[in-house]
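**Q** coordinates for the following, if possible.
(chains A and B)
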Amino acid sequence: MHELSMCESIFEIVDRTAAGRTVTAIHLQVGQLRQVVPDTLTYCWTVVSDQTTLAGSQLVVDTVPVTLRCRDCSSTTTLTDELLLLCTQCDGADVSVTTGEELVLTSLELAEA
Amino acid sequence: MGRFHRHQDGTDQDHHDDQHCDQGDQDDQGDMSGYQTGPERVVVLERIFGENDRLAAANRSTFDAASVTAINMMSSPGAGKTAILRQTLASLPDTTRVAVIEGDIETSLDAERLAGFGAQIALLNTASGFGGECHLDAPMVASALPRLDLATVDLLFIENVGNLVCPAEFDVGAHHRVMVYSITEGEEKPLKYPVMFRSVELVLVNKLDLLPHLDFDLPLFLRNLASVNPAATVLQVSARSTEGLDLWYEWLVEVGQRNGRAAMLR
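**A** So this is what the prediction gives:
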């Protein structure tokens, strides 16, 4: 349930950034390697934002797929279902993660002031 | 329709374009009409755990200033973190002064198991969070530090809450991340929890004394581990028989000395 801690951190950032203005949407980038369960995240957000100035705001999650770069054969792999960190070209395990570890609050949508 | 949707195309650059995103929201959601009265988009680009990471860095500075080497120990529940720590506290030479921050959701049972070996113990019950946090984070660890006399500590173990998911996400300020895996857990665990297995530099493969009684395929586990974390140091141990633990103690002394030298150079 690190989704709950995530929502508490998100709340802190949004509350500080919005400075009293009404927030309608909160855009996040979440890499697939962060093991975030989207429904849990949404549920936790309703719990954390309930009866606060951010109640009713919407989390919009941009899920970033895992891409790997193989250090042996230099090819790029995009993982689809399983998070098996192997190069699909040469089966090598010596890969670096290019994307998929993001956990960023990218932007807010604010209602008209 | 819930208050949630995902963009599946993964094209980040497009999402910084308001026009595209607003259009996408309308298409996907259909219930956004109330939000379309000229919203303003504010770019934030802030890491969600940025505050935790700042506090983790502060914890690390505190450890460095006191020449303390901090080790974050993680595992699933019941893998043997406390059993290994118990043997470690009993076996490390007196010249290595040890402290433990013991993360536990509700009880002091683990802290009691570690008492009596001369180590300073600070218990951190995580139940004060929302229904009990399943991990330690940097602010929690910071809150335990005033209860330890770091000036008289060389090695600090931060025993995390038993969990293979959440603890991997939180930097608590330790210098080294270690996990305990037990061979009763199945060979596929590194593949199922790659984030945890990738986040550590050393894996203690525990309960080796049970190997004759299990169908556990040790070479397969080691291959799975290598496929997610080829750089990890692997030590095969048994907290019960103490087999293999000497190499763990050697590793601890070595990283402690390395950190000590680094602290002197600062």
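
**Q** going by C-alpha atoms from here, please, whenever you check contacts or count neighbours.
**A** OK.

**Q** give me every residue that touches residue 41.
**A** Here I'm looking at chain A. A:3, A:4, A:6, A:7 (Cα atoms under 8 Å, 6 or more residues apart in numbering or on different chains).

**Q** actually it's chain B I care about, not the one you picked
**A** Contacts were defined as Cα under 8 Å, 6+ apart; by that measure residue B:41 touches A:107, A:108, A:109, A:110, B:18.

**Q** are we agreed that it is in a strand?
**A** Yes. Judged by DSSP: H, G, I helix; E, B strand; the rest coil, residue B:41 forms part of a strand.

**Q** okay, and the beta partners of it?
**A** residue A:109 (DSSP bridges).

**Q** taking the contacts of residue A:41 one by one, which sit in helices?
**A** Taking DSSP state H as the definition of helices, these contribute A:3, A:4, A:6, A:7.

**Q** including distance to residue B:79, could the residues you listed go into a markdown table?
**A** What follows is those, written out as a markdown table (distance: Cα to Cα, whole Å):
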| residue | distance to residue B:79 |
| --- | --- |
| A:3 | 24 |
| A:4 | 25 |
| A:6 | 26 |
| A:7 | 29 |
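
**Q** what strand or helix carries residue B:262?
**A** helix B:245-265 (DSSP states H and E).

**Q** same question but for residue B:157, I mixed them up
**A** strand B:155-159.

**Q** average pLDDT for that strand?
**A** For strand B:155-159, mean pLDDT is 96.

**Q** what sits up against that strand?
**A** Where contact means Cα under 8 Å, 6+ apart, the residues beyond strand B:155-159 that reach it are B:68-74, B:81-82, B:96-103, B:174, B:256.

**Q** number of nearby residues for residue B:112?
**A** Neighbours of residue B:112 under the rule other Cα atoms under 10 Å in any protein chain shown: 11.

**Q** for the chain, which segments count as strands?
**A** This is for chain A. Under the criterion DSSP state E, strands of chain A are mapped to A:23-31, A:58-64, A:67-70, A:76-78, A:95-99, A:103-110.

**Q** not quite, I wanted chain B
**A** B:4-7, B:40-47, B:69-75, B:98-104, B:120-125, B:155-159, B:176-182, B:202-206, B:233-236.

**Q** those: which one's closest to residue B:244?
**A** Among the strands of chain B, the nearest to residue B:244 by Cα to Cα is strand B:233-236 (6.0 Å).

**Q** so which elements touch the closest one?
**A** Applying 3 or more Cα pairs under 8 Å, 6 or more residues apart in numbering or on different chains; DSSP states H and E, one finds that strand B:233-236 contacts strand B:202-206.

**Q** helices and strands around the strand it packs on, which ones?
**A** Under the contact rule (3+ Cα pairs under 8 Å, 6+ apart), strand B:202-206 is packed against strand B:176-182, strand B:233-236.

**Q** out of those, which is closest to residue B:144?
**A** Closest approach to residue B:144 among these (Cα to Cα): strand B:176-182, 18.5 Å.

**Q** may I have the strands that pair with the closest one, each with its orientation?
**A** By DSSP bridges, strand B:176-182 pairs with strand B:69-75 (parallel), strand B:202-206 (parallel).

**Q** mind checking pLDDT for the residue positioned nearest the centre of chain A?
**A** Nearest residue to the geometric centre of chain A (Cα atoms, centre = their mean): residue A:30, 1.8 Å. Confidence at residue A:30, expressed as pLDDT, is 95.

**Q** pretty sure it contacts residue A:104?
**A** Yes. Using Cα atoms under 8 Å as the test, residue A:30 is close enough to residue A:104 to be in contact (6.7 Å).

**Q** just give me the neighbour total for residue A:110.
**A** Residues near residue A:110, counting by other Cα under 10 Å: 20.

**Q** show the pLDDT at the closest residue to it other than its chain neighbours.
**A** Among residues not flanking residue A:110 along the chain, residue A:23 sits closest, at 4.5 Å (Cα to Cα, 6 or more residues apart in numbering or on different chains). At residue A:23, the predicted lDDT confidence score is 97.

**Q** OK, contacts around residue A:24?
**A** So residue A:24 contacts A:56, A:57, A:58, A:108, A:109, A:110, A:111, B:35 (Cα under 8 Å, 6+ apart).

**Q** out of those, which comes closest to residue B:262?
**A** The closest of the contacts of residue A:24, once distances to residue B:262 are taken by Cα to Cα, is residue A:108, at 42.4 Å.

**Q** what's near enough to touch that closest one?
**A** A:14, A:23, A:24, A:25, A:26, A:27, B:41, B:42, B:43, B:44.

**Q** the fourth one against residue A:60, yeah?
**A** It stands for residue A:25. Yes. If you go by Cα under 8 Å, residue A:25 and residue A:60 touch, sitting 6.8 Å apart.
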